[in-house]
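A.B. asks: Quick one, structure for this:
(2 chains)
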Protein chains: 2
Amino acid sequence: MPKQVLIMGAGKSATTLIEYILSYANEENWEVTVADLNVELALKKTGNHPNSKAIALDFSDEKACGEAVFNADCVISMLPPFMHSAIAKHCINYRKNLVTASYVSDEMKALDEAAKKAGILLLNEMGVDPGIDHMTAMEVLDDLRSKGLIVTGFESFTGGLMAPESEKGPWKYKFTWNPRNIVLAASGGAVKFLHGGRYKYIPYHKVFRRTEIIPIGNYGEFEAYGNRDSLKYKELYGLNEANTIYRGTLRRPGFCRAWDIFVQLGATDDTYLMDNVSEMTHREFINSFLYFHPTDSVEIKLAHALRMDLDSEEIRRVKWLGMFDDTPVGLNKPTSPAGILQHILEKKWTLEPGEKDMIVMLHRFDYLEHEVEKTLFTYLVVEGKDELNTAMSKTVGLPV
Amino acid sequence: MPKQVLIMGAGKSATTLIEYILSYANEENWEVTVADLNVELALKKTGNHPNSKAIALDFSDEKACGEAVFNADCVISMLPPFMHSAIAKHCINYRKNLVTASYVSDEMKALDEAAKKAGILLLNEMGVDPGIDHMTAMEVLDDLRSKGLIVTGFESFTGGLMAPESEKGPWKYKFTWNPRNIVLAASGGAVKFLHGGRYKYIPYHKVFRRTEIIPIGNYGEFEAYGNRDSLKYKELYGLNEANTIYRGTLRRPGFCRAWDIFVQLGATDDTYLMDNVSEMTHREFINSFLYFHPTDSVEIKLAHALRMDLDSEEIRRVKWLGMFDDTPVGLNKPTSPAGILQHILEKKWTLEPGEKDMIVMLHRFDYLEHEVEKTLFTYLVVEGKDELNTAMSKTVGLPV
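C.D. replies: Alright, predicted model coming up:
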């Protein structure tokens, strides 16, 4: 009897995973089922491989999900993070192992005991960030500690970017991962970290202005903004003697100051729905966040509100996105500012055929050797093959 | 048999209410019970009036609250708003009328049908704002409409401030109402309003910089920042033809720009707890939100982060509050930034004996009369008698 592998979700990050698993399917005697709401997408990714099956699955249909899990020997969820815990419950129920590439949520954590009782594994954080970051950081940390060295500082940065040859336009950025998560980046609460022995907190509306420039290998300079809660890594990584612990996200320089325009406007807010979306243009969307004036242009009101020059690099980037255009947004129901912004950004920030992305990860370790402060950097750069076989899909999928 | 009136909560806003009700108690044959967690406070407010009783009541004790409601004929809740719905459930259960001075919460709204079935009244928004604002605005709106005039704009502003003779220090402000609500003001979501026929949205971190200056009578100038959702007043007040609807809060000029320092720092965040609070000084509290530097002072880091001069009016106000002092905060458990800020502010912003507060309310009505645009202003100013018999307590308590 072949082993049944169930992969739930055939989106951007799942391409390489599906390909890799299918490449071993014959040799390992696996039957691989790829389930997605959009069966065409699943079919595209399985490519009619003889050991594969593509099925349509509505993940909000609890019964259908339960059945799919029941028929599997091992489940891999590549769904959006909030859907994992429902899948995990089925896995506990039918005693199936589950793997995801997402952070352990509070809901997932709450299932720990039930999973142990059921004798199954709920293995999370097995992607790139979280995933490869943990593995590579711990490898170095364990090595330093095994030599009796004391780690005094740890910083870690990851970014899903465009490969240099595909960096077009002023942002040098496109969506290579869930666009919603990128629009909402850092909005979940204050950034918390440790610097020079002091606890530091950055509110959301300052995150994209508290950046640093980081050169990496021959790849030029990157810009880093802080990730949510670095403090918990003190315990998780055993960094008891570190007085600096900081985790961040990498972009190309200038991204953050320009992105901050949307943050300052309130255009990344996901807590309320805007009306009149069906008649709204890009320009009117931006105007909703600016003071009323019968004649002042949206451009000058924006420049004034943010104390920027009209010919500044930041305003140029916003203009490049078409934000001042009289183009209809193209949505037809009440949507949050974040949802509207995402929809507009997707018009420009979607990979075109042949475009290549890039994953960049850097760790910095400060440690004491014979009472001398030393620093060790390690980094990883992975470029994608094309718009489907992305570095993101490779680095998320292969550890899974 | 005398009628039993139960007043729950003997805090700042309840003083005048208790006094007023007791002044009619004999004539109306009422027995008035004032319940508070702190029985001393209740006793202080009832002043041993023969028709009064002060009782200690733990409002988290459901059974005790139920009993107190059971023994009453009419219940008045002056408790913090989040506690009202639990009281309302007891009122429905025992068929007692309830009055509060707070906004109708979603929880309260959900009890509407049950209250109607029980044949009782859950009468809310009977204070000053909400309360007198509704009553005075609707009086004018009804009058204008009865004359066939079309209302094209409505703006309304209220502030709990200090009477001119008691305006000391640069802020010209002290807490005369629940301090927590003041520290968290506007943090609940974007400010939404209608201006010139356009929907406008202001995110929290811009609210205190989108202000206007409003002169009122002989009381000088005030500064207004926007209240949460003015859009819903279109329907509530029947302002179908208004193209401007805006509600705001009044402070003395300069308050908002200085308060914005705390907002920008993230010091009003109530979503996480800070550690090390028991050893924290005022200065360290502010420093937690600023970049790390081994020698730069907290003052210069703050001035730089907010692009302000060290001798600016705003920094002067922060300094006046003692925020740069090495004084211990004086709390001994993990507390949110907002909780710590409130605690520090209470050291300076608490009414001293003899100090008088002031309530200021202004409505602006724009209307068309024979196709000519006209504007009508109405305003109300109430000064307090002393630090206990405040204008706040009078204007909240008497409508109740």
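A.B. asks: what helix or strand is A:F154 on?
C.D. replies: strand A:150-162 (DSSP states H and E).
A.B. asks: name the helices or strands packed onto that strand?
C.D. replies: Packed against strand A:150-162 by the contact rule (3 or more C-beta pairs under 8 Å, 6 or more residues apart in numbering or on different chains; DSSP states H and E) you find helix A:132-146, strand A:221-226, strand A:244-251, strand A:357-369. In short, each C-beta sits where N, CA and C put it, glycine included.
A.B. asks: Can you check which of those gets nearest to chain B?
C.D. replies: strand A:244-251 (8.3 Å; C-beta to the nearest C-beta).
A.B. asks: hang on, the earlier thing: need the helices and strands packed on strand A:150-162 in CSV with distance to A:D296 and mean pLDDT, can you?
C.D. replies: Output for those, formatted as CSV (distance: least, C-beta to C-beta, whole Å; pLDDT from 0 to 100):
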stretch, distance to A:D296, mean pLDDT
helix A:132-146, 46, 97
strand A:221-226, 31, 98
strand A:244-251, 31, 98
strand A:357-369, 40, 97
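A.B. asks: what's the closest of those to A:P179?
C.D. replies: Checking the helices and strands packed on strand A:150-162 against A:P179 by C-beta to C-beta gives strand A:357-369 as the closest, at 13.5 Å.
A.B. asks: Strand partners (parallel or antiparallel) of that closest one?
C.D. replies: Sheet pairing of strand A:357-369 (DSSP bridges) gives strand A:150-162 (antiparallel), strand A:372-383 (antiparallel).
A.B. asks: what is the rounded mean pLDDT of the longest one?
C.D. replies: Spelled out, it's strand A:150-162. For strand A:150-162, the mean pLDDT works out to 97.
A.B. asks: before we move on, what about the shortest one?
C.D. replies: Per-residue pLDDT values across strand A:372-383 average out to 97.
A.B. asks: related to what we said a few turns ago, could you list the alpha-carbon positions for the strand holding A:F154 in PDB?
C.D. replies: Below are the C-alpha coordinates for strand A:150-162, written out as PDB (Å, rounded to 0.1, in the frame of the first residue of the first chain):
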ATOM      1  CA  ILE A 150      29.500  33.400  25.700                       C
ATOM      2  CA  VAL A 151      27.100  34.800  23.200                       C
ATOM      3  CA  THR A 152      26.400  38.500  24.100                       C
ATOM      4  CA  GLY A 153      24.300  39.500  21.100                       C
ATOM      5  CA  PHE A 154      22.200  38.000  18.400                       C
ATOM      6  CA  GLU A 155      20.600  39.700  15.400                       C
ATOM      7  CA  SER A 156      18.800  38.000  12.500                       C
ATOM      8  CA  PHE A 157      17.300  39.400   9.300                       C
ATOM      9  CA  THR A 158      15.400  37.800   6.500                       C
ATOM     10  CA  GLY A 159      13.800  39.200   3.400                       C
ATOM     11  CA  GLY A 160      11.900  37.900   0.400                       C
ATOM     12  CA  LEU A 161      13.100  40.200  -2.400                       C
ATOM     13  CA  MET A 162      13.700  40.300  -6.100                       C
END
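A.B. asks: Could you pull out the buried residues of that strand?
C.D. replies: A:151-162 (16 or more other C-beta atoms under 10 Å in any protein chain shown).
A.B. asks: what angle do it and strand A:221-226 make?
C.D. replies: Interaxial angle, strand A:150-162 versus strand A:221-226 (axes from the mean of the first three to the mean of the last three C-alpha atoms, to 10 degrees): 110 degrees.
A.B. asks: what does the next helix or strand after strand A:150-162 contact?
C.D. replies: With elements assigned by DSSP H and E, the helix or strand that comes after strand A:150-162 is helix A:179-183. Identification of contacts with helix A:179-183 by C-beta atoms under 8 Å, 6 or more residues apart in numbering or on different chains yields A:80, A:175, A:268, A:338-339, A:341-342, A:345-346, A:349.
A.B. asks: And stretch A:130-147, by the same measure?
C.D. replies: By C-beta under 8 Å, 6+ apart, stretch A:130-147 touches A:101-103, A:124-125, A:151, A:154, A:156, A:158, A:237-239, A:361, A:363, A:365, A:367, A:376, A:378, A:380, A:395-396, A:399-400.
A.B. asks: same thing with stretch A:25-34?
C.D. replies: Here stretch A:25-34 has contacts from A:2-7, A:10, A:14, A:18, A:21-22, A:24, A:42, A:45-46, A:49-55, A:68, A:71-72, using C-beta under 8 Å, 6+ apart.
A.B. asks: and the end-to-end length of it?
C.D. replies: 13 Å (C-alpha to C-alpha, to the nearest Å).
A.B. asks: who touches A:P80 in this structure?
C.D. replies: Counted by C-beta under 8 Å, 6+ apart, A:P80 has contacts A:9, A:178, A:180.
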